[in-house]
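Enquirer: let me see the structure of the following:
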Amino acid sequence: MKILTLAGACCAAALLSGCESGGSSDLPELMTLGAREAPRSRTYQADQKATYEAAKAVVAKMDYTFVRGGPAEGRLEALSSINRGEEPGSSRQLSLKVTFGPGASSGTEMVVSFTEIIEADSANQPGMATQTPLHDTPLYEDFFRDVQRALDAPPRP
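Expert: Predicted coordinates:
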């Protein structure tokens, strides 16, 4: 009986002790990864409704399909068309999520995140996709630039 208690205590100690990773040198890498995957934001000197309408026009110009949202909700979600993936039988799609809120001092802050959705075997396992935030892509800057252009454009009669 004492052997079982001693073995149980040793197992519990081993489980609770954990393992030591590379120490503090891992911390900057983890912080960088989180920052790279974080959504990007931009503040525009326009009201929320105008910024929303400009973003929605840019989404349509990109041939994304509007999914949900509205100026009163302060969000816009859209999906790109489904394309072939890199592997045979796979598919790839991009998701865009935008939130709108008051800027720090004035205007409207727009927070944008692009996500890549990959389904490895669309034919045999539909709905089994992975989602990965996009980083290091020009899509963010292109989107922000096009929203600013839409805001600067003269209103249509």
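Enquirer: find the nearest non-adjacent residue to the residue nearest the centre of the chain, please.
Expert: Of all residues in the chain, the one closest to the mean position by C-alpha atoms, centre = their mean is S113, 3.7 Å from it. In this structure, S113 finds its nearest non-sequential neighbour in P39, 3.8 Å apart by C-beta to C-beta, 6 or more residues apart in numbering. For every residue, glycine as well, the C-beta is placed using N, CA and C.
Enquirer: hmm, that neighbour is touching M110, no?
Expert: No: counting by C-beta atoms under 8 Å, P39 stays clear of M110, with 9.8 Å between them.
Enquirer: of the two, who's got more company?
Expert: Between P39 and M110, counting by other C-beta atoms under 10 Å, M110 is the more crowded of the two (27 against 15).
Enquirer: partners of the helix or strand containing that one, with directions?
Expert: Using DSSP states H and E, M110 maps to strand 108-119. Strands that pair with strand 108-119, judged by DSSP bridges, come out as strand 40-44 (antiparallel), strand 91-102 (antiparallel), strand 129-133 (antiparallel).
Enquirer: what about the longest one, average pLDDT?
Expert: Right, the one you point to is strand 91-102. Per-residue pLDDT over strand 91-102 has a mean of 94.
Enquirer: any idea how far that strand is from the chain center?
Expert: 7 Å (C-alpha atoms, centre = their mean, to the nearest Å).
Enquirer: neighbours of the residue lying closest to D47 once chain neighbours are set aside, just the number please.
Expert: Once flanking residues are discounted, D47 sits nearest to T108: 6.4 Å by C-beta to C-beta, 6+ apart. Neighbours of T108 under the rule other C-beta under 10 Å: 24.
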